[in-house]
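S.K.: missing the sequence, but the structure's below:
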């Protein structure tokens, strides 16, 4: 099937979950650029180092942001206190070992999201029973993110570019600043209202470097600490002193293609912990040391106030297929993850099976099992819903009335109690039923064990497929 970018305008569906018990209390996600403060690592929350950066912005079923090394794009669904994120895809820039490790952990934790709380200026995301991610709401801040130093004031009235082969980087977080000065890593705190900036005294590691390199680093750090104003220019930012003279010129780092093999980590540098990394959270967050390798995160564009670095084209692709009745009438265009497979033939099986792995139809199609299924039955919606909630066959744990593509619909999650359900007893099923009029009922569903991670992931996928798909009654 042909892959295509997800359409900007999709059917809006009210997906409401019960808000009782468990982790999270829900809240408004959209309209805020959330900057990652800490993430779960080895069972505890760990602060993002000052020299690394990651964020997330939610908007109309799409989630995009910067993951520490690459831009990413994903699908999400939020309802009540529940949060499901599926299919995160990232660009392919090669970065330092530390940035890559952060990115891999961050994307995995996003994919494992189950519940959330967005309160005041904090977003907390929960996995299965524990806090996994904590974000801060980003203030108006044109310098936030990762930058490369283009030039700096090397002496009064003089501006110099970094020495050849010497990369100078600066990473601004919510209130922390860090980077690499050509010889040592540095970290500290700063504040800004968007126009005025104040950078506190910077702590550095203690590497010994050649005289010219050490001299350049000293001049650069003095220039950075002497900044007083922010002057935004095109995609770059100039920091100036109180008289308006440029102290440091910053530009977005260039995008580098990922090599065919894993990038080798940069030379190790012993560093000191950031002097200002303290937050209050449950469980206790622990600050990590400043990185042992030069930060090399490479966003293709610097985030601006209230905006995360959206990719130039959607990274998450989808494919679609036509779901038809037995007499060949099309009742739905099913949209599914572009990296997944579906069945195209024979016609009676087409667009009814979806799986992340290639699908082979067995000699007995009734034995075919895939991650997500679709069906079109000439059964009245009321009868189909009654069968999906029949207490003789199911124990219903969640049920909600919906409107999908302006059609009556319902969401039912239940556990099979009888072979009459069509599934072995004890199997959990999440099903979305859509009324397509005289054509009957279209159902998208997934099944598995309640404690199975694969079932939890497939629930997120089918939940996202429903509002992206189009349902209709044949003419």
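M.R.: Yep, it's here. The model shown is predicted, which means the values in this text are computed figures rather than measured ones. Residues are numbered from 1 along each chain as shown.

S.K.: where exactly do the helices run in the stretch 51-200 of the chain?
M.R.: Ranges of helices within the stretch 51-200 of the chain are 97-111, based on DSSP state H, counting those that start in this stretch.

S.K.: could you pull out the strands for the stretch 51-200 of the chain?
M.R.: Here the stretch 51-200 of the chain has its strands, by DSSP state E, counting those that start in this stretch, at 55-59, 62-66, 71-79, 82-90, 115-119, 122-126, 131-137, 145-155, 158-160, 169-172, 176-180, 185-192, 197-199.

S.K.: of those strands, flag the one that's most buried.
M.R.: With neighbours taken as mean count of other C-beta atoms under 10 Å, the strands of the stretch 51-200 of the chain reach their highest mean count in strand 176-180, at a mean of 26. All C-beta spots, glycine's among them, are computed from the backbone N, C-alpha and C.

S.K.: which strands or helices does that one pack on?
M.R.: strand 169-172, strand 185-192 (3 or more C-beta pairs under 8 Å, 6 or more residues apart in numbering; DSSP states H and E).

S.K.: partners of that strand in the sheet?
M.R.: Strand partners for strand 176-180, identified by DSSP bridges, are recorded as strand 169-172 (antiparallel), strand 185-192 (antiparallel).

S.K.: just so I know, which of these lies nearest residue 345?
M.R.: strand 169-172 (52.1 Å; C-beta to C-beta).

S.K.: I'd guessed residue 462 sits against residue 444; true?
M.R.: Yes: judged on C-beta atoms under 8 Å, residue 462 makes contact with residue 444 at a distance of 5.5 Å.

S.K.: which neighbours do those two share?
M.R.: Counting by C-beta atoms under 8 Å, 6 or more residues apart in numbering, the contacts common to residue 462 and residue 444 are 372, 432.

S.K.: more crowded one of those two?
M.R.: The neighbour comparison of residue 462 against residue 444 (other C-beta atoms under 10 Å) goes to residue 444, with 27 against 23.

S.K.: which segments of this protein make up each domain?
M.R.: Annotated domains of the chain cover 3-137, 318-471 [automatic domain parsing].

S.K.: give me the mean pLDDT for stretch 355-363.
M.R.: The predicted model gives stretch 355-363 an average pLDDT of 90.

S.K.: ok, now stretch 320-340?
M.R.: For stretch 320-340, mean pLDDT rounds to 88.

S.K.: swap in stretch 383-402?
M.R.: Average pLDDT, stretch 383-402: 92.

S.K.: give the buried residues for stretch 242-254.
M.R.: 246-253 (16 or more other C-beta atoms under 10 Å).

S.K.: picking up where we left off before, reformat the strands paired with strand 176-180 as TSV; add mean pLDDT and distance to residue 419.
M.R.: What follows is those, written out as TSV (pLDDT from 0 to 100; distance: least, C-beta to C-beta, whole Å):
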stretch	mean pLDDT	distance to residue 419
strand 169-172	92	58
strand 185-192	86	62
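
S.K.: between the ones you listed, which gets nearest to residue 333?
M.R.: Taking C-beta to C-beta, strand 169-172 is the member of these nearest to residue 333, at 43.7 Å.

S.K.: what distance separates the closest one from the centre of its chain?
M.R.: On the basis of C-alpha atoms, centre = their mean, to the nearest Å, strand 169-172 sits 22 Å off its chain's mean C-alpha point.

S.K.: name the residues that touch it?
M.R.: Outside strand 169-172, the residues that touch it by C-beta under 8 Å, 6+ apart are 50-53, 141, 143-149, 177-180, 190, 224, 248, 250, 253, 294-297.

S.K.: mind checking how far the closest residue to residue 422 other than its chain neighbours is from residue 458?
M.R.: Spatial nearest neighbour of residue 422, excluding adjacent residues (C-beta to C-beta, 6 or more residues apart in numbering): residue 416 at 7.9 Å. Remark: distance between residue 416 and residue 458 (C-beta to C-beta, to the nearest Å) = 16 Å.

S.K.: neighbour-wise, which of these two wins?
M.R.: Shown here are residue 416 and residue 458; by other C-beta under 10 Å, residue 458 has more neighbours (23 against 19).
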